[in-house]
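**Student:** The sequence and its predicted three-dimensional model are supplied below.
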Amino acid sequence: MARTDDDTWEITESVGATALGVAAARAAETESENPLIRDPFARIFLDTVGEGVWTWYEARELPAEVVDAEPELPLRMRSMVDYFASRTRFFDTFFLDATAAGIRQVVILAAGLDSRSWRLAWPDGTTVYELDQPRVLEFKSSTLAAHGAEPACNRVAVPVDLRQDWPTALRQAGFDVSASSAWSAEGLMPYLPAAAQDLLFDRVQGLTVTGSRIAVEALAPNFADPEARAKRRERMDRVRELMARVDPQREVPRTDELWYFEERSDVGDWLRRHGWQVTVTPSAELMAGYGRALPKEVEDTAPRNLFVSAQRTRT
């Protein structure tokens, strides 16, 4: 589904389906022998919607004919699960460290099917604001409520498109601009045009005070490189053609059709210029630190994204 200005989606459509895909990866990791993260709610979302393109990310057993033609594919799929698990651990740790330091306002931008409001051990008095499309937030809250799950914090859903005036919606929901806060932007950047990314950080800057923190999954330096994009597309097109012939019921996602391939500001540099103390960790380094280093033969599989954490030190 091609992107348009002000487009919206159900949880099984467009960007919503990608949230299910990440939930599938978290479910696969949670159910593995030695999980890096535990998300007991991911499987609930998948069971609720049933089979779809998102189940590709579970890295289930592939048909022998596909593996014979693409012998590295199972390892590539497992590597993507490792990437999503490492990403989840990074943001989990960021929020727990921020609240341990006394921050009690948390903002999750493009919350998707992130279930941190339910599964993390939040200190008493913590309010978590979740921003996303109305139908995505409604699906998440109603699905978990139907299974008797209750948030472990004061969760405040803020149904708003991040391309709209979300700062006003956030303040109206109770956010205190005079108090320190912790923010996350996970799995968001490729779905924003370059100008919208700059505007997002301008708005965060206007809502934060000294001592506030932010964590961002920033795009790889070569994200917009046509050659890298063509190589990735060629590989996945081969897999799609194989799967269409061998197992036509199993869809292969076309996530990159939803991305904006535009040159954009370096997130770490932007934050430094605006008074933040910044740490940048390349994804390969992050994964290796969690014991999930990518095998050399598939090291080009997982995104070469940069994991940025920062604390505002001046106004």
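**Tutor:** Looks like it arrived, so ask away. On a predicted model such as this, the values are computed, not experimentally measured, just so you know.
**Student:** Quick check: next helix or strand after the lengthiest helix in the chain?
**Tutor:** The single longest helix within the chain, with elements called by DSSP state H, is helix 73-100. Counting by DSSP states H and E, the next helix or strand C-terminal to helix 73-100 is strand 105-109.
**Student:** From the chain's centroid, how far away is that following strand?
**Tutor:** Using CA atoms, centre = their mean, to the nearest Å, the distance from the centre of strand 105-109 to the centre of the chain it belongs to is 14 Å.
**Student:** cool, stretch 93-108 as well?
**Tutor:** 18 Å.
**Student:** residues in contact with it?
**Tutor:** The contact list for stretch 93-108 (CB atoms under 8 Å, 6 or more residues apart in numbering) reads 114, 116-117, 120-123, 125-131, 153, 170, 175-176, 179-184, 186, 211-213, 215, 309. All C-beta atoms are positioned from the backbone trio N, CA, C, and that covers glycine.
**Student:** All the helices of the stretch 1-150 of the chain, in order from the start?
**Tutor:** 14-30, 42-49, 64-69, 73-100, 116-119, 134-146 (DSSP state H, counting those that start in this stretch).
**Student:** out of those helices, nearest to Asp300?
**Tutor:** helix 73-100 (9.1 Å; CB to CB).
**Student:** What ranges does the stretch 151-300 of the chain have for its helices?
**Tutor:** Going by DSSP H, counting those that start in this stretch, the stretch 151-300 of the chain shows helices at 166-172, 194-207, 226-246, 267-273, 283-289.
**Student:** What is the second one packed up against?
**Tutor:** Translated: helix 194-207. Contacts defined by 3 or more CB pairs under 8 Å, 6 or more residues apart in numbering; DSSP states H and E place helix 194-207 against helix 166-172, helix 267-273.
**Student:** Find the residue at the geometric middle of this structure.
**Tutor:** Taking CA atoms, centre = their mean, the centroid of the chain lies closest to Gly187, which sits 2.9 Å from it.
**Student:** Give me the pLDDT value at it.
**Tutor:** Per-residue pLDDT puts Gly187 at 94.
**Student:** Likewise for the one 3 residues further on?
**Tutor:** The score at Pro190 is 93. That number is its pLDDT.
**Student:** repeat for the one 10 residues further on
**Tutor:** The score at Leu200 is 97. That number is its pLDDT.
**Student:** got CSV for the helices of the stretch 151-300 of the chain, with distance to Thr143 too?
**Tutor:** Shown next, in CSV, are these (distance: least, CB to CB, whole Å):
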stretch, distance to Thr143
helix 166-172, 23
helix 194-207, 27
helix 226-246, 29
helix 267-273, 32
helix 283-289, 30
